[in-house]
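**Student:** Sharing a model prediction with you, sequence too.
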Amino acid sequence: MTYNTEQRSVLLSFLSTNPDKTFSAKEIVAALAESQISKSAVYRNLADLESENKIKKVSKNGSREAFYQFVDISECKNHIHLSCTKCGMIFHMEDDAARKLVHTMEENSGFEISVGETTLYGVCKKCVGAK
Ligand SMILES: [Zn+2]
Ligand SMILES: [Zn+2]
């Protein structure tokens, strides 16, 4: 294993153990400070992982900074997502209610929905409360 792929796996494992959080590149650099990963390596690996669909780049309202969140794209093919326009968080809708909603829409419209590519935008519970 080259040093490069090691850095990459440290970065990916950090993000994948926190799938319900978004991190800016700066926060990731700080969190991985102990692993001795340089800032430029973090930025480079983030860009790579994003282009490979291993992580998602999201943006928050009022911030020009990019944030990153781990998503398991193979799991994500099977459900719709909610995306918060305030904090950028992506939520995976794997519950029965979401499945029923998709099913009902399909029944009523005769339209076969590509669930993995479907994202509903709005404001999450946490951000609604923070108003
Ligand atoms: Zn998902
Ligand atoms: Zn939010």
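**Tutor:** In hand now; what should we look at? Ligands and ions are numbered 1, 2, ... in the order given.
**Student:** Which parts of this protein are strands?
**Tutor:** For the chain, the strands defined by DSSP state E cover 23-24, 55-59, 66-70, 80-84, 90-93, 119-122.
**Student:** okay, those strands in CSV with mean neighbour count, mean pLDDT and distance to L12 next?
**Tutor:** Yep, even glycine has a C-beta here, placed from its N, CA and C like the rest. Compiled in CSV, the strands of the chain are given as follows (neighbours: other Cβ atoms under 10 Å; pLDDT from 0 to 100; distance: least, Cβ to Cβ, whole Å):
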stretch, mean neighbour count, mean pLDDT, distance to L12
strand 23-24, 17, 95, 12
strand 55-59, 18, 91, 8
strand 66-70, 20, 94, 8
strand 80-84, 19, 94, 20
strand 90-93, 18, 94, 17
strand 119-122, 11, 94, 23
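**Student:** Would you mind splitting the chain into its domains for me?
**Tutor:** 3-70, 73-129 (automatic domain parsing).
**Student:** Ok, which of the ones you listed comes nearest ligand 1?
**Tutor:** Closest to ligand 1 of the domains of the chain is domain 73-129 (Cβ to the ion; 3.3 Å).
**Student:** so how far is V128 from M93?
**Tutor:** 17 Å (Cβ to Cβ, to the nearest Å).
**Student:** Mean neighbour count, the domains of the chain: which tops it?
**Tutor:** domain 3-70 (a mean of 15; mean count of other Cβ atoms under 10 Å).
**Student:** Let me know which of the domains of the chain is the nearest to ligand 2.
**Tutor:** Short answer: domain 73-129, nearest of the domains of the chain by Cβ to the ion, at 3.2 Å.
**Student:** next one: phi and psi at the spatially closest residue to E94 that is not a sequence neighbour?
**Tutor:** Spatial nearest neighbour of E94, chain neighbours left out: H79 (4.9 Å); criterion: Cβ to Cβ, 6 or more residues apart in numbering. In terms of degrees, to the nearest 10, the main-chain angles of H79 are phi -150, psi 160.
**Student:** could I get the strands of the chain as TSV with distance to S16?
**Tutor:** What follows is the strands of the chain, written out as TSV (distance: least, Cβ to Cβ, whole Å):
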stretch	distance to S16
strand 23-24	12
strand 55-59	9
strand 66-70	5
strand 80-84	17
strand 90-93	14
strand 119-122	20
